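> pasting a predicted model and its sequence here:
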Amino acid sequence: MSQLLPHLTVETNSNPDASVIWLHGLGADGNDFKPIVSELGLPDDAKIRFIFPHSPSRPVTINGGMVMPAWYDILEMTIERSVDEIQLRESAQSITDFIEDEISKRIASERIIIAGFSQGGAVAVETALSFNKKLAGLLMMSTYFATKDSINFASENQSIPIEIHHGTHDPVVPVQLSEVSTTKLKENGYSVEMKHYPMEHSVCPKQIKDIGQWLTSCLK
């Protein structure tokens with residue numbers, strides 16, 4: 001296994017028995033979602049390790065080639081997004097390395113959740129649904145299924161709980177892309193729960209509460 005990406009870690013109690021690997025969006029880093037942990041309303045006895053990786057920095061074509069934190073290059077801002085799938089899969093492999101590292105720390109794969117926002121969500125869905133051991137859940141936030149026509153689905157995660165959240169006023173990733181993701185996943189036999197929130201490309205208090213309840217249900 002290659003060296004893990006730089007990352008932040010938050011443990012809700014000592015001796016964690018579950019992990020959440022949470023991926024940030026374009027131009028951000030692991031600090032973006034770290035403050036949310038204390039707002040999730042998790043049970044006092046929850047023993048969860050939250051891992052917030054920092055993506056590498058790379059030139060991003062749609063931003064004039066500017067170098068910034070990015071899981072992959074975005075080549076065109078068409079509705080379906082034209083992305084560098086090789087880079088996306090490299091990033092997915094780097095998240096798979098985190099999963100394997102958690103398993104090596106005696107966290108069962110069935111107790112590991114993958115979550116991602118925007119670009120991070122596209123990497124999260126590729127990672128989770130192609131991983132060859134059963135996981136606890138997949139959370140896709142304000143994102144799109146960039147590899148929907150090329151992913152190699154793993155049968156081990158055919159029954160994974162999938163939650164899709166999206167803002168109805170999102171000017172960055174149009175809300176209809178959450179519908180495209182949901183349709184594609186259901187066509188492939190996945191069970192999907194989709195929730196829309198009156199927000200832009202962000203998270204909101206009601207959503208944070210819902211995420212806490214969903215994490216708790218996946219790990220109960």
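Sure thing, it's come through. Numbering: from 1, shown residues only.
> what's around G116, how many residues?
28 (other CB atoms under 10 Å). Bear in mind the C-beta positions are built from the backbone N, C-alpha and C, glycine included.
> can you classify it as helix, strand or coil?
With DSSP: H, G, I helix; E, B strand; the rest coil as the basis, G116 sits in strand.
> what strand or helix carries the residue lying closest to it once chain neighbours are set aside?
Using CB to CB, 6 or more residues apart in numbering and skipping residues adjacent in sequence, the residue nearest G116 is A124, 3.1 Å away. A124 belongs to helix 119-130 when elements are defined using DSSP states H and E.
> and that helix, what does it pack onto?
Helices and strands touching helix 119-130, by 3 or more CB pairs under 8 Å, 6 or more residues apart in numbering; DSSP states H and E, are strand 18-23, helix 85-104, strand 112-117, strand 137-141.
> low-confidence regions, the protein specifically.
Low-confidence segments of the chain (pLDDT under 70): 1, 79-80.
> swap in 90 and give it another go.
1-2, 76-82 (pLDDT under 90).
> from I36, how far out is the residue sitting furthest away from the middle of the chain?
Distance to the chain centre peaks in the chain at G64, reaching 25.8 Å (criterion: CA atoms, centre = their mean). From G64 over to I36 the distance is 31 Å, taken as CB to CB, to the nearest Å.
> again, but for H7
Distance from H7 to I36, by CB to CB: 16 Å.
> who has more neighbours out of the two?
Applying other CB under 10 Å to H7 and I36 shows that I36 carries more neighbours, namely 17 against 14.
> how about that one, nearest residue that isn't a chain neighbour?
Counting by CB to CB, 6+ apart, the nearest residue to I36 once its immediate chain neighbours are dropped is I208, at 5.9 Å.
> thought the one you found was touching E39?
Yes - in this structure I208 lies within contact range of E39 using CB atoms under 8 Å: 5.2 Å.
> which residues touch the residue nearest to I36?
Going by CB atoms under 8 Å, 6 or more residues apart in numbering, I208 touches 36, 39-40.
> for M140, state which of the residues you listed is nearest.
Among these, I36 lies closest to M140 (CB to CB), at 15.8 Å.
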